[in-house]
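**Student:** predicted model follows, preceded by the sequence.
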Amino acid sequence: MAVKKSLLLLLGAALLLGGALPAAAGAPYESYLYNYWGDAVPAPDAYLPDKAVTGGDLGIGSFAEPSDAAVSPAGEVYILDSGNKRIVVLDREYRLRRVLESFDNNGTKDGFQGPSGIYVDGEGLVYVADTAGKRIVVLNAEGQLQRIVDNPRSDILASGFQFLPLKVTADRAGRIYTVAQGVFEGLMQFDEQGRFIGYIGTNKVRRDYREYIWRLFSTDAQRAQGVLFVPTEFSNADADYKGFLYATNIDPNSTVPIKRLNPSGEDVLKRFGYNDVRGDLIYRTSVGPSKMIDIKFIGDGMYSALDATQNRVFTYDDEGHLLYVFGGKGNQLGTLKTPVAVEKLGGDRLVLDRGRASLVVYKPTFYGAAINEAAALHYRGEDAEALGLWRKVLQLNSNFDLAYIGIGKAYLMEKNNKAALDYFKLGSDKKSYSVAYKRYRREMMKEHFGTVLTAAASAAALLAALKLAATWRGRRGRDREANLH
Amino acid sequence: MKQTYIKFPLHLIFHPFDAFWDLKADNRGRLGVAFSALALTALAMVLQKQYAGFLVNNFDPRYMNSLMDILAVVAPFFLWCVANWAVTTLMEGEGKFKEIILASGYSLVPIFLIYLPMIAASRFMVQEETSFYYLFNSIAVAWFLLLLFIGNMTVHQYSVVKTVATMALSVVVMGIIVFLGALVLSMLQQLTDFFVNMYRELIYRT
């Protein structure tokens, strides 16, 4: 009895202690991917939350309604603290560098009136979309005014046009693109002098046939009262190093909420993956599909989009394959309340959370870093170098189809067609499989052509001989019946 | 033996008008052949899901169920025969039930004759050649439908228009049979539930 009791005690203690042991640091969200069949399959965490930076931590008072963030090429993080009408600049280690509250505008002290978008270009110029001020303010890295873009003039603008820029981005040539409130024609484009050039990348209005039929039967008065069908506005944009624009829109039924606009405004985003580039594929109808509100070009063809429905960040590679998903709704470190902007600093990903007035820093795990590196190598065409990384990724996540495809491509480069075939099959990549199979088949035919032909020729000869023998025997039989022998 | 079981079905698919008449008038059809054709068609459907080449096989292997695949061929076949018999009996068709089964079964011959080799061939195809796979499979289905049509026309001694009408009606009747079957099943279920509940009420009543 006593033994039993002490054993029980021991067991209890073990359980208690076991519970008290520190568990491996996990994310407060579940990571997943979508497979070939469109099912969500679990995946390891590619990014884990590291810390949340708040105004209080920096000693400058809480952020008030921060609305956008940007990272300069020098690695400085610019947080647009809209409610306090200031820009907070952090260094690489997320320590306070400086605060920009005002600038010198031709001798007078000027400040932001109600900014909502910020962008830092490759030369370190800071573009601020000052919505309430109806202007875009361009400052240099030291906070000195470079120029102000306001009051656009053009024949194509209505006479009482109100210029209310919300988000801003600029390409290498210094052209400024802005998402403006109440503008449905696309992104507004300004040249380097700040003159309005025109719109770029209008979203298409989709025809609703039910509405169309309904309108056929309605009177003019009813038609005039009906809803106006206007294209959806863009929600955000980011220029890549080539001058192409990654843009997001929040049309709830669109299968193309993410676009890559070329200089003439056409969507040239590659969508070669199995699934649409639209964030979540499976969602409850009451919640709705992903609403992309920010996008960040990562480099090497990769881009991250921020979904405001489930507060997740979706990262895709150049060809439109989903690489990883992180973030989620909640109040823990790593989950988000009202995310507004996604940024990148080195390998880190930053998400600005307006609801909790903080900048959340995510660091890549071994798995995430391996994917980033392998996807970058694949983009540069160095598939052979990516081979080892894809293998590492597969060890951690055997559901990762892209890794199978990556390995297959590496084998295809090495002309190891048989191995490539197997990996393309595992990755369900029919197009690449077909390419590998064509080569494999030709190889096999070359190798066995002689054997096959010899076998076929001998078989034909044998058949002919047998037939000949049969006719001969038959003739002899007939001859015998006719008593010729 | 070889004449009845192999040569005649092959002759039939190329000369349907003559052969279906022989099948009816000279009693050359065999139920064994019809059911073998049905079994081979079911087999072709099962094999297609399992063994068709990777490039043409869009079937999710997690939902593979060969019994359902077999049922998906056999059940509509008999449903068709019953529905067709029901319709043609009322519409002065001359075909007996056995002849309907024979005509429908013999019509299935091109399906497996084309499907089975195409399954093997599809494993050696590249993307550009897969259109041939789809083309040949479509030919098989079209051929089957044509034979079914001619078979129906010959067996029942109908005109073209009447054949089309009865075949369309048969499809409708197939739907009605399924509907009635489902209705009866659900009624039976409710009925058993009712008696089970009554029994329970009685034994718990003290």
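**Tutor:** Noted; the coordinates are in hand. Computed from a prediction, not measured in an experiment: that's the story for all the values here. Numbering: from 1, shown residues only, chains lettered A, B, ... in the order given.

**Student:** alongside chain B, which residues does chain A contribute?
**Tutor:** Residues of chain A lying close to chain B (CB under 8 Å from any CB of the partner chain) are A:Trp37, A:Lys425, A:Lys430, A:Lys431, A:Tyr433, A:Ser434, A:Val435, A:Tyr437, A:Lys438, A:Arg441. (Glycine included, C-beta is placed from N, CA and C.)

**Student:** ok, of the residues you listed, which come out buried?
**Tutor:** Buried residues within these, counting neighbours by 16 or more other CB atoms under 10 Å in any protein chain shown: A:Lys425, A:Lys430, A:Tyr433, A:Ser434, A:Val435, A:Tyr437, A:Lys438.

**Student:** and of those residues, the nearest to B:Ile100?
**Tutor:** Using CB to CB, A:Lys430 is the member of those that sits closest to B:Ile100, with 42.0 Å.

**Student:** ok, the nearest residue to that closest one once chain neighbours are set aside - contacts?
**Tutor:** Leaving aside its sequence neighbours, A:Lys430 sits nearest to B:Leu55 (CB to CB, 6 or more residues apart in numbering or on different chains; 5.4 Å). B:Leu55 makes contact with A:Lys430, A:Tyr433, A:Ser434, A:Tyr437, B:Ser122, B:Met125, B:Val126, B:Gln127, B:Thr130 under the criterion CB atoms under 8 Å, 6 or more residues apart in numbering or on different chains.

**Student:** do you know the pLDDT at the fourth one?
**Tutor:** Right, A:Tyr437. Looking at A:Tyr437, its pLDDT stands at 95.

**Student:** which residues touch stretch A:65-74?
**Tutor:** Residues from elsewhere that reach stretch A:65-74 (CB under 8 Å, 6+ apart): A:77-83, A:115-120, A:122-124, A:126, A:141, A:167, A:340-341, A:343-345, A:350, A:352, A:354, A:357, A:359.

**Student:** how about A:Gly355, secondary structure?
**Tutor:** With DSSP: H, G, I helix; E, B strand; the rest coil as the basis, A:Gly355 sits in coil.

**Student:** just to check, it is in contact with A:Gly330?
**Tutor:** No. Contact criterion CB atoms under 8 Å: A:Gly355 and A:Gly330 do not qualify, at 10.7 Å.

**Student:** what residues are shared contacts of the two?
**Tutor:** Residues touching both A:Gly355 and A:Gly330 by CB under 8 Å, 6+ apart: A:Leu336, A:Lys337.

**Student:** just the ones of the contacts of stretch A:65-74 in strands?
**Tutor:** Of the positions in those, A:77-81, A:115-120, A:126, A:167, A:340-341, A:343-345, A:350, A:352, A:359 sit in strands, assigned by DSSP state E.

**Student:** what parts of chain B come near chain A?
**Tutor:** So chain B meets chain A at B:Phe54, B:Leu55, B:Asp60, B:Arg62, B:Phe124, B:Val126, B:Gln127, B:Glu128 (CB under 8 Å from any CB).

**Student:** so which strand or helix has A:Gln146?
**Tutor:** Element membership for A:Gln146 (DSSP states H and E) is strand A:145-150.

**Student:** of the residues of chain B next to chain A, which belong to strands?
**Tutor:** Reading strands off the residues of chain B next to chain A, I find no matches (DSSP E).

**Student:** would a markdown table of these with distance to B:Gln189 be doable?
**Tutor:** As requested, these are arranged in a markdown table below (distance: CB to CB, whole Å):
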| residue | distance to B:Gln189 |
| --- | --- |
| B:Phe54 | 43 |
| B:Leu55 | 44 |
| B:Asp60 | 31 |
| B:Arg62 | 30 |
| B:Phe124 | 50 |
| B:Val126 | 52 |
| B:Gln127 | 49 |
| B:Glu128 | 52 |
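
**Student:** top of those residues by neighbour count?
**Tutor:** Most neighbours among the residues of chain B next to chain A, by other CB atoms under 10 Å in any protein chain shown: B:Leu55, with 20 neighbours.

**Student:** for that residue, what are phi and psi?
**Tutor:** Phi and psi for B:Leu55, reported as degrees, to the nearest 10, are phi -70, psi -30.

**Student:** also A:Gly355?
**Tutor:** phi -60, psi -40.

**Student:** please name every helix or strand in contact with the worst-scoring helix or strand of chain B on mean pLDDT.
**Tutor:** When each helix and strand of chain B is scored by mean pLDDT, DSSP states H and E, helix B:2 comes last, with a mean of 78. Judged by 3 or more CB pairs under 8 Å, 6 or more residues apart in numbering or on different chains; DSSP states H and E, helix B:2 is in contact with no other helix or strand.

**Student:** give the rounded mean pLDDT of whatever helix or strand comes next after it.
**Tutor:** Downstream of helix B:2, the first helix or strand assigned by DSSP H and E is helix B:8-14. Mean per-residue pLDDT for helix B:8-14: 93.

**Student:** quick check: the residue of chain B nearest chain A.
**Tutor:** Closest approach between chain B and chain A, counting by CB to the nearest CB: B:Gln127, at 3.6 Å.

**Student:** ok, that residue touching A:Lys431?
**Tutor:** Yes. Between B:Gln127 and A:Lys431 there is a contact at 6.8 Å, judged by CB under 8 Å.

**Student:** overlap in contacts of the two?
**Tutor:** By the contact definition CB under 8 Å, 6+ apart, B:Gln127 and A:Lys431 are jointly contacted by no residue.

**Student:** just to revisit the earlier point, and the pLDDT at the residue of chain B closest to chain A?
**Tutor:** B:Gln127 carries a pLDDT value of 92.

**Student:** what's the helix or strand for the closest residue to A:Asp307 other than its chain neighbours?
**Tutor:** Nearest residue to A:Asp307, sequence neighbours excluded (CB to CB, 6+ apart): A:Ser290, at 4.0 Å. Assigned by DSSP H and E, A:Ser290 falls within no helix or strand.

**Student:** got a list of what A:Ser290 touches?
**Tutor:** By CB under 8 Å, 6+ apart, the contact set of A:Ser290 is A:Pro257, A:Arg278, A:Gly279, A:Asp280, A:Tyr283, A:Asp307, A:Thr309, A:Gln310, A:Arg312, A:Phe314.

**Student:** ok, 6 Å please
**Tutor:** Contact analysis of A:Ser290 by CB atoms under 6 Å, 6 or more residues apart in numbering or on different chains lists A:Gly279, A:Asp280, A:Asp307, A:Thr309.

**Student:** so can I have a markdown table of the buried ones among the residues of chain A next to chain B showing distance to A:Asp57 and secondary structure?
**Tutor:** Formatted as a markdown table, these follow (distance: CB to CB, whole Å; DSSP: H, G, I helix; E, B strand; the rest coil):
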| residue | distance to A:Asp57 | secondary structure |
| --- | --- | --- |
| A:Lys425 | 51 | helix |
| A:Lys430 | 51 | helix |
| A:Tyr433 | 52 | helix |
| A:Ser434 | 55 | helix |
| A:Val435 | 53 | helix |
| A:Tyr437 | 57 | helix |
| A:Lys438 | 59 | helix |
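
**Student:** nothing else from me, thank you.
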